[in-house]
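Undergrad: What would the 3D arrangement of this be:
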Amino acid sequence: MFDQLSDKLNGVIKSLKGQGKIKESNIEDALKEVRISLLEADVNYEVVKKFIAEVKEKALGEKVLNSVSPTQQFIKIVYDEIVEIMGGEASLLSIAASPPVIIMLTGLQGSGKTTTSAKIGMFLKKKNKRTPLLVPLDVNRPAAIEQLKVLGKKAKVAVFDTDPSKNPVDIAKEARDYALMRGYDTIILDTAGRLHVDDELMKELEDIKKTVNPVEILLIADAMTGQDAVNIATEFDNRLGLTGTILTKTDGDTRGGAALSIKAVTGKPIKMVGTGEKFADIEIFHPDRIASRILDMGDIVSLVEKAQENVDQDKAQELAEKMMKNQYTMDDFLAHIQQIKKMGPIENLMKMIPGAKNMMRQIKNFTPPDKELKRIEAIISSMTKEERQNHSILNASRRTE
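TA: Residues are numbered from 1 along each chain as shown. Okay, the predicted model is just below:
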């Protein structure tokens with residue numbers, strides 16, 4: 001997400017280099033390019049209009065420091081405004097209420113509600129030590145009920161045994177009572193969806209809300225739909241009173257318009273984003289970190305967090321000591337690669353390193369890192385045990401096999 005917008009904005013910033021001072025004459029062209037970049041990213045027009053006005057006012061006003069370069073000034077101003085339109089700070093899920101805390105997921109059919117239900121369940125279980133219960137409420141599609149049961153089993157999160165012959169409102173009440181008796185402290189309701197917003201769907205969701213009083217009512221929105229996601233969020237908010245949004249499929253070919261528009265238009269924060277197909281591929285939405293990635297300033301905090309979550313620290317220490325003692329083997333190198341791969345696609349990790357994205361663009365015939373790692377793994381796996389322990393025994397004929 002944001003790759004196209006990031007390229008355009010960094011191009012604009014680069015054009016300001018060499019300017020002695022930010023003046024209206026040299027910032028006008030830059031702002032015009034920023035405006036075009038945001039509109040091409042499918043950001044809401046009114047949001048773009050306000051964004052450009054704020055950047056211009058701050059760039060030409062008294063808030064600009066004379067001690068820094070125009071490029072640095074402009075980057076800081078644009079960064080601050082991007083953070084602001086995306087919500088300013090992270091908005092966490094509200095799970096501090098008396099159990100069972102009920103989280104209601106809403107959205108159109110195909111937005112990823114069912115998969116996101118399992119992802120949130122696993123996230124809360126792992127990060128917050130919660131005991132979640134997934135509840136399928138789409139009785140019109142029995143396959144959706146079975147899908148959630150399969151996903152719950154894979155994610156190791158309990159799923160309520162929904163009877164598709166019953167009314168969704170009654171199922172939600174039964175699930176709440178079941179959770180109270182069995183000690184589940186969090187209920188995640190996977191509600192029905194439609195191909196479009198209609199009164200029948202909204203009436204059902206309103207009845208569920210009125211009956212079980214969820215702490216969170218979250219819209220699951222496909223990031224690839226751009227401004228349509230904002231329109232959908234507005235309609236759901238008007239009927240249900242959303243507490244936030246979760247964007248899915250942000251790892252796809254999306255331009256970022258939804259992420260940059262939803263909070264500014266609806267006033268409701270983006271709470272989480274789905275970043276891939278695996279259960280672990282969901283994270284809290286941090287506006288400041290996203291803004292840093294857009295401007296190629298990196299995101300070291302998220303990178304460190306991923307390392308802490310996915311890398312075996314004892315194993316990493318062991319491998320480091322072997323390297324220091326010159327005892328590092330091909331088996332150790334393979335183990336190192338496998339540790340790194342647990343953190344996600346290498347290309348995504350590199351984007352979290354300041355300046356790395358620009359460096360990747362400049363390298364001609366750049367081989368995707370994950371593809372290269374697979375090739376290296378295949379080479380090491382083709383070696384004999386003795387060769388992996390002592391690579392120096394490999395001769396020229398063996399290397400060309």
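Undergrad: now the strands for the stretch 251-400 of the chain?
TA: Assigned by DSSP state E, counting those that start in this stretch, the stretch 251-400 of the chain shows strands spanning 270-274, 282-284.
Undergrad: pLDDT on the first one, on average?
TA: Looking back up the chat, that one is strand 270-274. Mean pLDDT, strand 270-274: 92.
Undergrad: So what touches it?
TA: Contact partners of strand 270-274, identified using C-beta atoms under 8 Å, 6 or more residues apart in numbering, comprise 86-87, 91-93, 112, 115-116, 119-120, 123, 218, 223, 244-251, 259, 262-263, 281-285. C-beta: built from backbone N, CA, C; applies to glycine.
Undergrad: Return the list of strands paired to it, each annotated with direction.
TA: Sheet pairing of strand 270-274 (DSSP bridges) gives strand 244-248 (parallel), strand 282-284 (antiparallel).
Undergrad: could I get the ones you listed as JSON lines with mean pLDDT and distance to residue 11?
TA: Conversion of those to JSON lines gives the following (pLDDT from 0 to 100; distance: least, C-beta to C-beta, whole Å):
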{"stretch": "strand 244-248", "mean pLDDT": "92", "distance to residue 11": "25"}
{"stretch": "strand 282-284", "mean pLDDT": "91", "distance to residue 11": "28"}
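Undergrad: Those into JSON lines, with extra columns for distance to residue 105 and mean neighbour count?
TA: What follows is the strands paired with strand 270-274, written out as JSON lines (distance: least, C-beta to C-beta, whole Å; neighbours: other C-beta atoms under 10 Å):
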{"stretch": "strand 244-248", "distance to residue 105": "8", "mean neighbour count": "27"}
{"stretch": "strand 282-284", "distance to residue 105": "12", "mean neighbour count": "19"}
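Undergrad: about what we covered before: can you redo the strands of the stretch 251-400 of the chain as JSON lines with distance to residue 353?
TA: Below are the strands of the stretch 251-400 of the chain laid out as JSON lines (distance: least, C-beta to C-beta, whole Å):
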{"stretch": "strand 270-274", "distance to residue 353": "20"}
{"stretch": "strand 282-284", "distance to residue 353": "18"}
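Undergrad: Could you check the ones you listed and tell me which one is nearest residue 314?
TA: Nearest to residue 314 among the strands of the stretch 251-400 of the chain is strand 282-284; the distance by C-beta to C-beta comes to 25.0 Å.
Undergrad: roughly how far is that closest one from the heart of the chain?
TA: 5 Å (C-alpha atoms, centre = their mean, to the nearest Å).
Undergrad: Only whichever of the contacts of strand 270-274 are buried, select them in ChimeraX.
TA: Remark: buried members of the contacts of strand 270-274, expressed as a ChimeraX selection using 16 or more other C-beta atoms under 10 Å:
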select :86,87,91,93,112,115,116,119,120,123,218,223,244,245,246,247,248,249,250,251,259,262,263,281,282,283,284,285
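Undergrad: Narrow the contacts of strand 270-274 to those in helices?
TA: Assigned to helices by DSSP state H, the following of these qualify: 115, 116, 119, 120, 123, 259, 262, 263.
Undergrad: wait, what's in contact with the fifth one?
TA: Listed by C-beta under 8 Å, 6+ apart, the contact set of residue 123 reads 272, 282.
Undergrad: can you tell me how far it sits from residue 153?
TA: Distance, residue 123 to residue 153, by C-beta to C-beta, to the nearest Å: 17 Å.
Undergrad: What degree of burial does residue 131 show, as a neighbour count?
TA: 17 (other C-beta atoms under 10 Å).
Undergrad: Let's see the pLDDT reported for it.
TA: Reading off the model, residue 131 has pLDDT 94.
Undergrad: For the strands paired with strand 270-274, could you give me TSV that also reports distance to residue 187?
TA: TSV is the format used below for the strands paired with strand 270-274 (distance: least, C-beta to C-beta, whole Å):
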stretch	distance to residue 187
strand 244-248	17
strand 282-284	18
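Undergrad: Quick one: closest of the ones you listed to residue 177.
TA: Closest approach to residue 177 among those (C-beta to C-beta): strand 244-248, 26.6 Å.
Undergrad: quick one, what contacts residue 211?
TA: Applying C-beta under 8 Å, 6+ apart, the residues near residue 211 are 169, 172, 173.
Undergrad: Hmm, the second one is touching residue 208, no?
TA: I take that to be residue 172. Yes. Residue 172 lies in contact with residue 208 (C-beta atoms under 8 Å); the separation is 5.2 Å.
Undergrad: which residues are in contact with both of those two?
TA: The contact sets of residue 172 and residue 208 overlap at 137, 189 (C-beta under 8 Å, 6+ apart).
Undergrad: how does the protein divide into domains?
TA: Residue ranges for the domains of the chain, per automatic domain parsing: 3-85, 101-292, 308-399.
Undergrad: Return the most buried member of these.
TA: domain 101-292 (a mean of 20; mean count of other C-beta atoms under 10 Å).
Undergrad: tell me how far the ends of that domain are from each other?
TA: 33 Å (C-alpha to C-alpha, to the nearest Å).
Undergrad: that older thread, just send the contacts of residue 211 back as a markdown table, with pLDDT too.
TA: Listed next are the contacts of residue 211 as a markdown table, based on pLDDT from 0 to 100:
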| residue | pLDDT |
| --- | --- |
| 169 | 95 |
| 172 | 96 |
| 173 | 95 |
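Undergrad: Out of those residues, which is nearest to residue 346?
TA: Nearest to residue 346 among the contacts of residue 211, counting by C-beta to C-beta, is residue 172 at 42.4 Å.
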